[in-house]
Each structure stands twice: as C-alpha cells, then as structure tokens.
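Engineer: here you go, sequence then predicted model.
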Amino acid sequence: MRAVILSLDTGAYKAKADVAAAASLKRMLEQVGIEVRAAKAFPEDKEMLKTVLCKLADAGMAELVLTTGAVGFLEKHCAPDAVRETADRLLPGIPEALRAYNLRHTKKVILDRSEAGIRKKTLMINLPESAKMAKEDLEYILPEVVQVVDTFSLR
C-alpha cells in the first residue's frame, strides 16, 4: 500500500517546516509496511487541496491519503469540504467512529467536521492536527483502512 500525508498548516507551509502529526503518522505507517510516498505541509486552501487530492487519486499515486488539521468549524478549516467535494463516495462511518472514540478525551470533538471518502481507488481520510490524536485515530481504524485498500486490489 502507498500513502501520502498532507498536513494542512499554512504556517508550516510558509516556513517549510515539518508537522508533528505527519511525522508521527509516517513512522507508524512505515512500521506496518506501508510506503509513505510523501508527507508535506500545505496551506489551508480548499481549491489547492482539492486539486492535489484529485491528482493523487486520478493518477493512482496512492491508495491512502491522510490529511491532518483544518477539520474544525472555522472558514479556513477546509479539509472536510475538499474530501466531500472530490470523493466519488463518502464513508461516514469512519469519521463517526473516530468522533465517538475521541469523546473519551474531550467533548470538543463534537466540533470536528472530518470526512472520509473514496475517489477511484484512493481512500481519503481527515485526521486531527494533534500528533497524539492523529496517531491514536489511525491506530484505531487501521485494520479497516487496510481492508478497504485490499478490496481495491481485488477488483
């Protein structure tokens, strides 16, 4: 499986800095044998993110695209909108399960607008900005993520 991690953080993008959540997810994915093709910071820009998501999926560059950050309720929080507008099919169970899972830590998760969806044979999932929460969330859903990608390879 090939993965790409897109961290939506305008400050990190401008500073060309690494994002803790992306680094944490990259380590975890590589430990389970998933090839991480890129882990980059991007500005909180819905149109740019939509373009990148479409290019990755349409060119078959990755079976899994994870975004971190920009999942809240502010206007700049565009990750859920980008996934919703580029996906062929949404998978609402993934973000619903993650919100329920994260309620054990904080009620603020009710303000999370994360989405998950499929475009062509690419699974796209929004994760939180927090490195700890993003890693825990991916650990929680990883078996199902692998099942989706494995199913793509059977078709």
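Structural biologist: Cool, the structure landed.

Engineer: quick one: contacts of the lowest-mean-pLDDT helix or strand in the chain?
Structural biologist: Ranked by mean pLDDT, DSSP states H and E, the weakest helix or strand in the chain is helix 10-15, scoring a mean of 88. The contact list for helix 10-15 (Cβ atoms under 8 Å, 6 or more residues apart in numbering) reads Ala17, Asp18, Val19, Ala41, Phe42, Pro43, Glu44, Asp45, Lys76. The C-beta positions use only the backbone N, C-alpha and C, and glycine is treated the same way.

Engineer: 6 Å instead, please
Structural biologist: When contacts are defined by Cβ atoms under 6 Å, 6 or more residues apart in numbering, helix 10-15 is touched by residues Val19, Ala41, Phe42, Pro43, Glu44.

Engineer: so for it, what gets flagged as buried?
Structural biologist: Ala12, Tyr13 (16 or more other Cβ atoms under 10 Å).

Engineer: tell me the contacts of Arg27?
Structural biologist: Contacts for Arg27 (Cβ under 6 Å, 6+ apart) come out as none.

Engineer: distance of it from Thr68?
Structural biologist: 14 Å (Cβ to Cβ, to the nearest Å).

Engineer: end to end, how far does stretch 63-79 reach?
Structural biologist: Terminal residues of stretch 63-79 lie 18 Å apart, using Cα to Cα, to the nearest Å.

Engineer: which SSE is immediately downstream of the least confident helix or strand of the chain?
Structural biologist: Later in the chain than helix 10-15, the nearest helix or strand by DSSP states H and E is helix 20-31.

Engineer: related to what we said a few turns ago, nearest to Asp88, of the contacts of helix 10-15?
Structural biologist: Checking the contacts of helix 10-15 against Asp88 by Cβ to Cβ gives Phe42 as the nearest, at 21.9 Å.
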